[in-house]
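Student: Next come a sequence and a model predicted from it.
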Amino acid sequence: MELHDSIVIGGGQAGLSASYHLKRRGIEHLVLDANAHPGGAWQHRWPTLSMHDVHGVADLPGLERAEDDGAAAAREAVPAYFRSYEQTFDLPVVRPVEVDAVTDDDGILVVRSGERAWRTRTLVNATGTWTRPFIPYYPGIETFAGRQLHTVDFTRPEEFRGQRVLVVGGGQSAVQFLGQLAPVTDTLWVTRHEPRWRTEEFTPEAGRAAVALVEDRVRQGLPPRSVVSVTGLLLRPQEEEARRLGAYERRPMFSRIEPRGVRWTDGSFEPVDVILWATGFRHAIDHLAPLHLRSPRGGIQLDGTTAVADPRIQLVGYGPSASTIGANRAGRSAALGVVRWLADEAATLAG
(Lines give C-alpha, C1' and ligand atoms only; values in the text may rest on other atoms or scores of the structure.)
Protein backbone atom coordinates (compact mmCIF):
# COMPACT_ATOMS: atom_id res chain seq x y z
CA MET A 1 0.00 0.00 0.00
CA GLU A 2 1.08 3.55 -0.69
CA LEU A 3 2.35 5.41 2.38
CA HIS A 4 0.71 8.82 2.72
CA ASP A 5 2.12 11.76 4.60
CA SER A 6 -1.28 12.38 6.19
CA ILE A 7 -4.89 11.23 6.11
CA VAL A 8 -7.84 13.35 7.20
CA ILE A 9 -10.88 11.42 8.42
CA GLY A 10 -14.03 13.48 7.86
CA GLY A 11 -15.13 15.85 5.11
CA GLY A 12 -17.03 18.43 7.17
CA GLN A 13 -15.94 21.97 7.95
CA ALA A 14 -13.00 21.03 10.17
CA GLY A 15 -11.79 18.33 7.77
CA LEU A 16 -11.94 20.58 4.72
CA SER A 17 -10.16 23.35 6.60
CA ALA A 18 -7.39 20.93 7.56
CA SER A 19 -7.10 19.68 3.96
CA TYR A 20 -6.87 23.24 2.64
CA HIS A 21 -4.01 24.08 5.00
CA LEU A 22 -2.23 20.77 4.34
CA LYS A 23 -2.37 21.38 0.61
CA ARG A 24 -1.08 24.95 1.00
CA ARG A 25 1.94 23.54 2.81
CA GLY A 26 2.57 20.89 0.17
CA ILE A 27 1.66 17.92 2.37
CA GLU A 28 0.50 14.92 0.35
CA HIS A 29 -2.72 13.60 1.89
CA LEU A 30 -6.20 12.15 1.41
CA VAL A 31 -9.54 13.10 2.95
CA LEU A 32 -11.74 10.07 3.73
CA ASP A 33 -15.39 11.07 4.06
CA ALA A 34 -18.15 8.72 5.21
CA ASN A 35 -20.84 10.62 3.29
CA ALA A 36 -21.61 9.92 -0.35
CA HIS A 37 -21.84 13.65 -1.10
CA PRO A 38 -20.12 16.86 0.10
CA GLY A 39 -21.60 18.74 3.04
CA GLY A 40 -20.59 16.90 6.18
CA ALA A 41 -23.29 16.83 8.85
CA TRP A 42 -25.00 19.85 7.34
CA GLN A 43 -26.67 17.72 4.67
CA HIS A 44 -28.50 15.82 7.44
CA ARG A 45 -29.91 18.83 9.34
CA TRP A 46 -33.65 19.35 9.59
CA PRO A 47 -35.30 21.03 6.56
CA THR A 48 -36.57 24.07 8.50
CA LEU A 49 -33.09 25.12 9.67
CA SER A 50 -32.37 28.15 7.51
CA MET A 51 -29.13 30.00 6.83
CA HIS A 52 -30.59 32.85 8.85
CA ASP A 53 -30.45 30.52 11.87
CA VAL A 54 -26.76 29.71 11.28
CA HIS A 55 -25.65 33.01 9.72
CA GLY A 56 -21.91 33.51 9.37
CA VAL A 57 -20.74 30.09 10.52
CA ALA A 58 -20.05 28.34 7.22
CA ASP A 59 -17.14 30.35 5.77
CA LEU A 60 -14.05 28.23 5.11
CA PRO A 61 -10.50 29.60 4.70
CA GLY A 62 -9.77 31.10 1.30
CA LEU A 63 -13.34 31.20 -0.04
CA GLU A 64 -16.20 33.23 1.39
CA ARG A 65 -19.72 31.95 1.06
CA ALA A 66 -21.85 34.02 -1.30
CA GLU A 67 -24.31 36.35 0.40
CA ASP A 68 -27.98 35.34 0.43
CA ASP A 69 -31.20 36.49 2.07
CA GLY A 70 -30.92 33.84 4.77
CA ALA A 71 -34.05 31.96 3.73
CA ALA A 72 -32.22 29.05 2.07
CA ALA A 73 -32.26 25.72 3.90
CA ALA A 74 -28.89 25.10 5.59
CA ARG A 75 -28.98 21.45 4.48
CA GLU A 76 -28.85 22.64 0.86
CA ALA A 77 -26.83 25.86 0.98
CA VAL A 78 -23.89 24.63 3.06
CA PRO A 79 -23.34 21.37 1.12
CA ALA A 80 -23.42 23.37 -2.12
CA TYR A 81 -20.77 25.68 -0.69
CA PHE A 82 -18.65 22.74 0.52
CA ARG A 83 -18.90 21.14 -2.93
CA SER A 84 -17.70 24.35 -4.54
CA TYR A 85 -14.89 24.57 -1.99
CA GLU A 86 -13.64 21.05 -2.71
CA GLN A 87 -13.68 21.78 -6.44
CA THR A 88 -12.07 25.24 -6.18
CA PHE A 89 -9.06 23.94 -4.26
CA ASP A 90 -9.07 20.45 -5.84
CA LEU A 91 -9.04 18.78 -2.44
CA PRO A 92 -8.24 15.02 -2.48
CA VAL A 93 -11.54 13.72 -1.05
CA VAL A 94 -12.39 10.01 -1.29
CA ARG A 95 -15.99 9.00 -0.53
CA PRO A 96 -17.88 7.22 0.74
CA VAL A 97 -15.41 5.72 3.24
CA GLU A 98 -16.64 4.81 6.70
CA VAL A 99 -13.57 4.21 8.85
CA ASP A 100 -13.81 1.22 11.20
CA ALA A 101 -10.49 1.50 13.04
CA VAL A 102 -7.07 3.10 13.06
CA THR A 103 -4.24 0.84 14.18
CA ASP A 104 -0.47 1.08 14.56
CA ASP A 105 1.62 -1.25 12.40
CA ASP A 106 5.24 -0.95 13.52
CA GLY A 107 5.16 2.85 13.64
CA ILE A 108 2.87 3.33 10.63
CA LEU A 109 -0.79 4.24 11.11
CA VAL A 110 -3.23 2.02 9.22
CA VAL A 111 -6.72 3.38 8.53
CA ARG A 112 -9.18 0.54 7.94
CA SER A 113 -12.60 0.53 6.27
CA GLY A 114 -13.99 -2.93 5.64
CA GLU A 115 -11.61 -4.67 3.25
CA ARG A 116 -9.83 -1.43 2.37
CA ALA A 117 -6.88 0.11 4.19
CA TRP A 118 -4.61 3.15 3.89
CA ARG A 119 -1.16 3.62 5.45
CA THR A 120 -0.12 7.03 6.72
CA ARG A 121 2.56 8.75 8.77
CA THR A 122 0.11 11.15 10.42
CA LEU A 123 -3.62 11.46 10.95
CA VAL A 124 -6.08 14.33 11.29
CA ASN A 125 -9.34 13.14 12.84
CA ALA A 126 -12.31 15.35 11.93
CA THR A 127 -15.28 13.04 12.48
CA GLY A 128 -17.33 15.45 14.59
CA THR A 129 -20.35 14.35 16.62
CA TRP A 130 -23.44 14.10 14.37
CA THR A 131 -23.25 10.31 14.04
CA ARG A 132 -23.23 9.85 17.83
CA PRO A 133 -26.57 11.23 19.12
CA PHE A 134 -26.88 10.94 22.88
CA ILE A 135 -30.08 10.00 24.74
CA PRO A 136 -29.72 9.68 28.53
CA TYR A 137 -31.34 6.75 30.27
CA TYR A 138 -34.29 7.35 32.55
CA PRO A 139 -36.27 4.58 34.30
CA GLY A 140 -39.15 3.44 32.13
CA ILE A 141 -37.79 4.93 28.88
CA GLU A 142 -38.39 1.62 27.10
CA THR A 143 -42.08 1.57 28.15
CA PHE A 144 -43.11 4.86 26.51
CA ALA A 145 -45.97 4.20 24.10
CA GLY A 146 -45.65 7.49 22.23
CA ARG A 147 -42.97 8.65 19.84
CA GLN A 148 -39.38 9.34 20.90
CA LEU A 149 -36.92 11.10 18.62
CA HIS A 150 -33.59 12.87 18.80
CA THR A 151 -32.39 16.09 17.17
CA VAL A 152 -31.09 14.03 14.22
CA ASP A 153 -34.64 12.78 13.52
CA PHE A 154 -36.45 16.13 13.57
CA THR A 155 -37.98 17.28 10.28
CA ARG A 156 -40.83 19.82 10.40
CA PRO A 157 -42.96 21.20 13.25
CA GLU A 158 -46.22 20.55 11.39
CA GLU A 159 -45.89 16.79 11.85
CA PHE A 160 -46.44 17.29 15.60
CA ARG A 161 -49.64 19.32 15.29
CA GLY A 162 -52.25 18.20 17.80
CA GLN A 163 -49.71 16.34 19.96
CA ARG A 164 -48.19 17.31 23.30
CA VAL A 165 -44.43 17.46 22.81
CA LEU A 166 -41.95 17.26 25.68
CA VAL A 167 -38.63 18.83 24.66
CA VAL A 168 -35.68 17.65 26.75
CA GLY A 169 -32.39 19.54 26.72
CA GLY A 170 -30.78 22.82 27.69
CA GLY A 171 -28.97 23.76 24.49
CA GLN A 172 -29.66 26.06 21.57
CA SER A 173 -31.28 23.25 19.55
CA ALA A 174 -33.95 22.83 22.22
CA VAL A 175 -34.60 26.57 22.12
CA GLN A 176 -34.96 26.48 18.33
CA PHE A 177 -37.27 23.45 18.40
CA LEU A 178 -39.54 25.13 20.95
CA GLY A 179 -39.55 28.25 18.80
CA GLN A 180 -40.94 26.22 15.90
CA LEU A 181 -43.23 23.89 17.83
CA ALA A 182 -44.97 26.19 20.32
CA PRO A 183 -46.91 28.18 17.68
CA VAL A 184 -48.37 24.97 16.18
CA THR A 185 -48.84 22.58 19.11
CA ASP A 186 -48.65 22.13 22.89
CA THR A 187 -45.11 21.98 24.31
CA LEU A 188 -43.36 21.39 27.60
CA TRP A 189 -39.66 22.06 28.28
CA VAL A 190 -37.47 20.25 30.81
CA THR A 191 -33.76 20.64 31.56
CA ARG A 192 -31.39 19.30 34.19
CA HIS A 193 -30.13 22.79 35.06
CA GLU A 194 -31.67 26.24 35.08
CA PRO A 195 -31.03 27.79 31.64
CA ARG A 196 -28.49 30.59 31.47
CA TRP A 197 -29.73 33.22 29.06
CA ARG A 198 -27.42 35.56 27.21
CA THR A 199 -28.73 39.05 26.64
CA GLU A 200 -25.56 40.76 25.44
CA GLU A 201 -24.35 40.64 21.85
CA PHE A 202 -22.26 37.60 20.97
CA THR A 203 -19.06 39.28 19.82
CA PRO A 204 -15.96 37.62 18.34
CA GLU A 205 -14.24 38.31 21.67
CA ALA A 206 -16.99 36.42 23.53
CA GLY A 207 -16.61 33.53 21.10
CA ARG A 208 -12.85 33.34 21.66
CA ALA A 209 -13.36 33.42 25.43
CA ALA A 210 -15.85 30.53 25.21
CA VAL A 211 -13.45 28.48 23.08
CA ALA A 212 -10.67 29.13 25.61
CA LEU A 213 -12.77 27.63 28.42
CA VAL A 214 -13.29 24.41 26.46
CA GLU A 215 -9.62 24.33 25.39
CA ASP A 216 -8.60 24.35 29.04
CA ARG A 217 -10.57 21.13 29.66
CA VAL A 218 -8.99 19.18 26.80
CA ARG A 219 -5.56 20.50 27.79
CA GLN A 220 -6.13 18.76 31.13
CA GLY A 221 -7.34 15.54 29.49
CA LEU A 222 -10.91 15.99 30.70
CA PRO A 223 -13.94 15.05 28.55
CA PRO A 224 -14.74 18.19 26.53
CA ARG A 225 -17.83 20.30 26.95
CA SER A 226 -19.45 21.96 23.96
CA VAL A 227 -18.66 25.60 23.21
CA VAL A 228 -22.40 26.33 23.29
CA SER A 229 -22.57 25.08 26.86
CA VAL A 230 -20.45 28.01 28.02
CA THR A 231 -21.87 30.75 25.79
CA GLY A 232 -25.41 30.81 27.18
CA LEU A 233 -28.73 30.67 25.32
CA LEU A 234 -30.10 33.35 23.06
CA LEU A 235 -33.68 34.03 21.98
CA ARG A 236 -33.90 35.33 18.43
CA PRO A 237 -36.75 37.36 16.92
CA GLN A 238 -38.24 34.24 15.28
CA GLU A 239 -38.64 32.70 18.75
CA GLU A 240 -40.51 35.66 20.23
CA GLU A 241 -43.93 34.08 19.61
CA ALA A 242 -42.90 30.93 21.47
CA ARG A 243 -41.70 33.07 24.38
CA ARG A 244 -45.04 34.90 24.47
CA LEU A 245 -46.80 31.52 24.60
CA GLY A 246 -44.76 30.48 27.64
CA ALA A 247 -42.69 27.83 25.87
CA TYR A 248 -39.51 28.82 27.72
CA GLU A 249 -40.92 28.35 31.20
CA ARG A 250 -38.61 25.49 32.01
CA ARG A 251 -39.37 22.64 34.42
CA PRO A 252 -36.76 20.44 36.17
CA MET A 253 -36.22 16.87 35.00
CA PHE A 254 -38.79 14.16 35.61
CA SER A 255 -37.90 11.09 37.68
CA ARG A 256 -39.21 8.39 35.35
CA ILE A 257 -40.99 7.75 32.06
CA GLU A 258 -44.29 5.88 31.82
CA PRO A 259 -46.25 4.60 28.81
CA ARG A 260 -48.35 7.76 28.48
CA GLY A 261 -46.10 10.43 29.93
CA VAL A 262 -43.61 11.30 32.66
CA ARG A 263 -43.67 11.24 36.44
CA TRP A 264 -42.22 14.14 38.43
CA THR A 265 -40.22 13.71 41.64
CA ASP A 266 -43.22 14.89 43.70
CA GLY A 267 -45.27 11.99 42.31
CA SER A 268 -47.44 14.03 39.95
CA PHE A 269 -47.96 12.82 36.37
CA GLU A 270 -47.68 14.72 33.08
CA PRO A 271 -49.25 13.21 29.95
CA VAL A 272 -47.24 13.67 26.73
CA ASP A 273 -47.46 12.20 23.24
CA VAL A 274 -43.91 12.85 22.05
CA ILE A 275 -40.49 13.11 23.71
CA LEU A 276 -37.98 15.09 21.67
CA TRP A 277 -34.48 14.52 23.03
CA ALA A 278 -32.40 17.62 22.22
CA THR A 279 -29.70 16.19 24.45
CA GLY A 280 -26.65 16.61 22.30
CA PHE A 281 -24.01 14.28 20.95
CA ARG A 282 -20.85 12.43 21.84
CA HIS A 283 -17.66 12.58 19.79
CA ALA A 284 -17.41 9.96 17.04
CA ILE A 285 -13.97 8.64 17.95
CA ASP A 286 -14.52 4.91 18.60
CA HIS A 287 -12.34 4.07 15.59
CA LEU A 288 -9.37 5.61 17.45
CA ALA A 289 -9.72 3.22 20.42
CA PRO A 290 -6.85 0.90 19.27
CA LEU A 291 -4.45 3.84 19.68
CA HIS A 292 -5.22 4.24 23.41
CA LEU A 293 -5.35 8.04 23.32
CA ARG A 294 -7.63 8.61 26.32
CA SER A 295 -6.12 10.00 29.50
CA PRO A 296 -6.90 8.64 32.97
CA ARG A 297 -9.29 11.59 33.34
CA GLY A 298 -11.59 10.32 30.60
CA GLY A 299 -10.83 12.59 27.67
CA ILE A 300 -8.15 12.82 25.00
CA GLN A 301 -5.54 15.26 26.25
CA LEU A 302 -4.56 17.78 23.61
CA ASP A 303 -1.80 20.32 23.18
CA GLY A 304 -3.56 22.61 20.73
CA THR A 305 -4.91 19.98 18.32
CA THR A 306 -2.11 17.45 18.93
CA ALA A 307 -2.86 14.32 20.95
CA VAL A 308 -0.43 14.29 23.86
CA ALA A 309 -0.41 10.47 23.93
CA ASP A 310 0.56 10.27 20.25
CA PRO A 311 1.76 13.44 18.44
CA ARG A 312 1.14 11.83 15.05
CA ILE A 313 -2.57 12.38 15.72
CA GLN A 314 -4.35 15.71 15.33
CA LEU A 315 -7.96 16.13 16.50
CA VAL A 316 -10.19 18.78 14.97
CA GLY A 317 -13.91 19.01 15.58
CA TYR A 318 -13.15 17.83 19.12
CA GLY A 319 -13.67 19.97 22.19
CA PRO A 320 -13.12 23.66 21.33
CA SER A 321 -13.22 23.00 17.59
CA ALA A 322 -16.49 21.02 17.70
CA SER A 323 -18.32 24.23 16.82
CA THR A 324 -17.98 26.44 13.78
CA ILE A 325 -16.35 29.04 16.04
CA GLY A 326 -13.15 27.00 16.30
CA ALA A 327 -13.18 24.60 13.33
CA ASN A 328 -11.26 26.74 10.83
CA ARG A 329 -8.56 27.73 13.28
CA ALA A 330 -8.20 24.09 14.31
CA GLY A 331 -7.68 23.04 10.69
CA ARG A 332 -4.71 25.37 10.40
CA SER A 333 -3.33 24.24 13.76
CA ALA A 334 -3.64 20.58 12.74
CA ALA A 335 -1.81 21.17 9.46
CA LEU A 336 1.01 22.88 11.32
CA GLY A 337 1.12 19.95 13.75
CA VAL A 338 1.48 17.53 10.84
CA VAL A 339 4.25 19.65 9.29
CA ARG A 340 6.15 19.72 12.59
CA TRP A 341 5.90 15.98 13.12
CA LEU A 342 7.02 15.16 9.57
CA ALA A 343 9.94 17.57 9.88
CA ASP A 344 10.98 16.06 13.20
CA GLU A 345 10.74 12.54 11.75
CA ALA A 346 12.84 13.54 8.74
CA ALA A 347 15.46 15.09 11.01
CA THR A 348 15.58 11.96 13.16
CA LEU A 349 16.05 9.71 10.15
CA ALA A 350 18.73 11.99 8.73
CA GLY A 351 20.56 12.32 12.05
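Tutor: Sure, I can see it.

Student: Could you use CA atoms for every contact and neighbour count after this?
Tutor: OK.

Student: for residue 141, what are its contacts?
Tutor: 256, 257, 258 (CA atoms under 8 Å, 6 or more residues apart in numbering).

Student: helix, strand or coil for the closest residue in space to the first one that isn't next to it in sequence?
Tutor: Once its chain neighbours are removed from consideration, residue 256 has its nearest residue in residue 139; the separation is 4.9 Å (CA to CA, 6 or more residues apart in numbering). Under the three-state scheme (DSSP: H, G, I helix; E, B strand; the rest coil), the conformation of residue 139 reads as coil.

Student: Just to check, residue 139 is in contact with residue 257?
Tutor: Yes. Counting by CA atoms under 8 Å, residue 139 does reach residue 257; the two are 6.1 Å apart.

Student: Pick out whichever of those two has more residues nearby.
Tutor: Shown here are residue 139 and residue 257; by other CA atoms under 10 Å, residue 257 has more neighbours (21 against 11).

Student: who does whatever helix or strand that one lives in touch, helix- and strand-wise?
Tutor: Using DSSP states H and E, residue 257 sits in strand 256-258. When contacts are defined as 3 or more CA pairs under 8 Å, 6 or more residues apart in numbering; DSSP states H and E, strand 256-258 packs onto strand 261-263.

Student: Can you list the low-confidence ranges for the chain?
Tutor: Across the chain, the ranges flagged by pLDDT under 70 are 55-58, 199-219, 224-231, 320-326.

Student: mind redoing it with 80?
Tutor: 1, 53-58, 68-69, 198-232, 234, 319-328, 351 (pLDDT under 80).

Student: Pop the domain breakdown of it in here.
Tutor: Per the record, the chain has its domains at 3-131+281-350, 141-197+233-277, by automatic domain parsing.

Student: which one of those domains has the most crowded surroundings?
Tutor: With neighbours taken as mean count of other CA atoms under 10 Å, the domains of the chain reach their highest mean count in domain 3-131+281-350, at a mean of 19.

Student: before we move on, the earlier item: can you list the domains of the chain in CSV and add distance to residue 223?
Tutor: CSV is the format used below for these (distance: least, CA to CA, whole Å):
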stretch, distance to residue 223
domain 3-131+281-350, 4
domain 141-197+233-277, 18
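
Student: Among the ones you listed, which comes closest to residue 220?
Tutor: domain 3-131+281-350 (6.0 Å; CA to CA).

Student: Just the terminal-to-terminal distance for that closest one.
Tutor: Domain 3-131+281-350 stretches 19 Å from its first residue to its last (CA to CA, to the nearest Å).

Student: Provide a list of residues in contact with residue 33.
Tutor: Applying CA under 8 Å, 6+ apart, the residues contacting residue 33 are 9, 10, 11, 93, 94, 95, 96, 97, 98.

Student: still on that earlier bit, tell me which of the domains of the chain sits nearest to residue 222.
Tutor: domain 3-131+281-350 (4.6 Å).

Student: quick one: the closest one to chain centroid distance?
Tutor: Distance of domain 3-131+281-350 from the chain centroid (CA atoms, centre = their mean, to the nearest Å) equals 12 Å.

Student: outside of the strand holding residue 257, which residues touch it?
Tutor: Residues outside strand 256-258 that contact it (CA under 8 Å, 6+ apart): 138, 139, 140, 141, 143, 144, 262, 263, 264.

Student: Which members of those are the farthest-apart pair?
Tutor: 143 and 264 (16.2 Å).

Student: How about the contacts made by the residue nearest the centre of the chain?
Tutor: In the chain, the residue lying closest to the centroid (CA atoms, centre = their mean) is residue 129, at 4.1 Å. Applying CA under 8 Å, 6+ apart, we find residue 129 in contact with 281, 282, 283, 284, 322.

Student: which SS class is it?
Tutor: Classification of residue 129 by three-state DSSP places it in coil.

Student: How about it: what's its closest non-neighbour residue?
Tutor: Using CA to CA, 6+ apart, the closest residue to residue 129 is residue 283 (4.5 Å).

Student: Please report how far the one you found lies from residue 130.
Tutor: Residue 283 is 8 Å from residue 130, by CA to CA.

Student: what's the answer for residue 297, then?
Tutor: Relative to residue 130, and taking CA to CA, residue 297 is found at 24 Å.

Student: quick one: furthest residue from the center of this protein?
Tutor: Here the chain reaches farthest from its C-alpha mean at residue 351, the gap being 41.8 Å by CA atoms, centre = their mean.

Student: before we move on, back to that, switch the contacts of residue 33 over to CSV; also include distance to residue 168 and secondary structure.
Tutor: Below are the contacts of residue 33 laid out as CSV (distance: CA to CA, whole Å; DSSP: H, G, I helix; E, B strand; the rest coil):
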residue, distance to residue 168, secondary structure
9, 31, strand
10, 29, coil
11, 30, coil
93, 37, strand
94, 37, strand
95, 35, coil
96, 33, coil
97, 33, coil
98, 30, coil
